[in-house]
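Asks: Got a sequence here, can you model it:
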Amino acid sequence: MVITMSTYPPASDARCRVAFLGPRGTFTEQALREFVSAGHVPTQAETVEAAAPGVALKMVRDNHAEFACVALESSVDGPVAQTEDALVTGDRLQIYHEVIVPVAFTIMVRPGTKPEDVRTITTHPVAEAQVRQWIAKHLPNAQFVPASSNGAAAQMVAEEDADAAAAPERAREIHGLEALAQYVADVPGAHTRFVLVGKPAAPTPRTGNDRTGVAFILENQPSSLLDALTQLSARGVDMSRISSRPLRGVWNAPGTSENGLPMSGHYVFHVGLVGHIEDAAVAEALAGLQRVARHVRYLGSWPASEDVKNRHQGSAPPDFAESAAWVDRLKNGKD
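Replies: Numbers count the residues shown, from 1 in each chain. Reported below is the predicted structural model:
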């Protein structure tokens, strides 16, 4: 499928392919279904299972998929490291939409299995952090076995590679398992933010309730992080999140060699901003950040999930229209 920058992302094109963390029955698949319901992905789009978020994003880079649906942030376990690493390793990709999925698990077993029979329990490591207390209380003798996804965990139980799994209810239905417990979550109201990622193009249009993602590398010198964050605070731009990761692999940045610039030993900072690149304050902050950082990667601007209204929204960026108009009048000798 050929995609032009004027038509990307191809939300109306039923031929597009979307990669997601499989197999079926993951929260990622649930997020993908919500993207379809919202009209961001065609109803007839082909969905392709991937073994990890990085694999899904690589499929987009390699033109094997138009989109990837990946988890970005857990309200319990924080940023999803695999996604953050993959977003800054290789050619730039861009986020176009997000959805927040409530997270509660079904503890599932093969028919006839009793709690005292459970010796191993499996789920994705991020999910394990969200049910750890429940497991310690109700299945104290169960050994944790990591799975590549929650859907894969349910499949492991069905195939007798584990005794129990913590996974979405849909995975239980898919694999014909029984529930030992439902709606399990150590933290009430837990949720995960999923994003729809594609090749770079014009950002999703500004709505007035938006988020912008950016990642950057700093020189290893005193106050470099302070100088970078000052570019935001001086313009009244609020952060919705910040994290850091050791950079692995190659950062393909403009002006580097053909194979990119190896950045081993450096840290990359991931920052979520409240606002859109079309907001003057955000645009100025990004420009300032580009001046003080060694490398900056723009990850996109997109509408905040409607569910954000019930959570921390942050402060909207200030409106620079009046001050910009004043400067324009000065330039024209009218004030």
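
Asks: Which segments of this structure make up each domain?
Replies: Following the TED database, the chain resolves into domains at 105-182, 207-334.

Asks: quick one, which of those is packed in tightest?
Replies: Across the domains of the chain, the average number of neighbours (mean count of other CB atoms under 10 Å) peaks for domain 105-182, which reaches a mean of 20. All C-beta spots, glycine's among them, are computed from the backbone N, C-alpha and C.

Asks: re the thing from before, considering the domains of the chain, which stretch scores lowest in mean pLDDT?
Replies: Note on the domains of the chain: lowest mean pLDDT is at domain 207-334, with a mean of 85.

Asks: Name the next helix or strand downstream of the helix or strand where Gly213 lies, please.
Replies: Using DSSP states H and E, Gly213 sits in strand 210-217. Sequence order places helix 224-233 as the next helix or strand after strand 210-217, per DSSP H and E.

Asks: who does whichever helix or strand comes after that next one pair up with?
Replies: Going down the chain from helix 224-233, the next helix or strand is strand 239-246, by DSSP H and E. Using DSSP bridges, the strands paired with strand 239-246 are strand 267-274 (antiparallel).

Asks: The strand it pairs with to helix 224-233, inter-axis angle?
Replies: Between strand 267-274 and helix 224-233, the angle comes out at 10 degrees (axes from the mean of the first three to the mean of the last three CA atoms, to 10 degrees).

Asks: what comes into contact with strand 267-274?
Replies: Applying CB atoms under 8 Å, 6 or more residues apart in numbering, the external contacts of strand 267-274 come out as 79, 84, 87-88, 210-218, 225, 228, 232, 237-247, 251, 282, 285, 313-317.

Asks: is it fair to say Ala71 lies in a strand?
Replies: Yes. Counting by DSSP: H, G, I helix; E, B strand; the rest coil, Ala71 falls inside a strand.

Asks: Provide a list of residues in contact with it.
Replies: Per CB under 8 Å, 6+ apart, neighbours of Ala71: Leu21, Phe27, Thr28, Ala31, Pro53, Val80, Thr83, Val126, Thr192, Arg193, Phe194.

Asks: now do Ala153
Replies: Thr122, Thr123, His124, Ala127, Ala147, Ala162, Ala165, Ala166, Ala167, Ala171.

Asks: ok, now with 6 Å
Replies: Thr122, Thr123, Ala147, Ala165, Ala167 (CB atoms under 6 Å, 6 or more residues apart in numbering).

Asks: just the CA coordinates of stretch 219-230, formatted as CSV?
Replies: What follows is stretch 219-230, C-alpha atoms only, in CSV (Å, rounded to 0.1, in the frame of the first residue of the first chain):
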residue,chain,number,x,y,z
GLU,A,219,25.1,16.9,26.8
ASN,A,220,26.5,15.4,29.9
GLN,A,221,27.2,18.6,31.8
PRO,A,222,25.9,20.4,34.9
SER,A,223,22.4,22.0,34.6
SER,A,224,21.7,20.5,31.1
LEU,A,225,18.3,19.1,32.2
LEU,A,226,17.5,22.3,34.1
ASP,A,227,18.2,24.3,30.9
ALA,A,228,16.0,22.0,28.9
LEU,A,229,13.1,22.2,31.2
THR,A,230,13.4,25.9,31.5
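
Asks: Now do that stretch: distance to the chain's middle.
Replies: Using CA atoms, centre = their mean, to the nearest Å, the mean C-alpha position of stretch 219-230 is found 25 Å from that of the whole chain.

Asks: what's next to that stretch, contact-wise?
Replies: Residues outside stretch 219-230 that contact it (CB under 6 Å, 6+ apart) are Leu218, Leu289, Val292, Ala293, Arg294.

Asks: The second one: which element?
Replies: When elements are assigned from DSSP H and E, Leu289 belongs to helix 280-292.

Asks: Give me the contact list for the helix or strand following that helix.
Replies: Per DSSP H and E, the first helix or strand lying C-terminal to helix 280-292 is strand 295-303. Residues from elsewhere that reach strand 295-303 (CB under 6 Å, 6+ apart): 88, 92, 94-98, 203-204, 207, 210, 212-217, 253, 276-277, 289-290.
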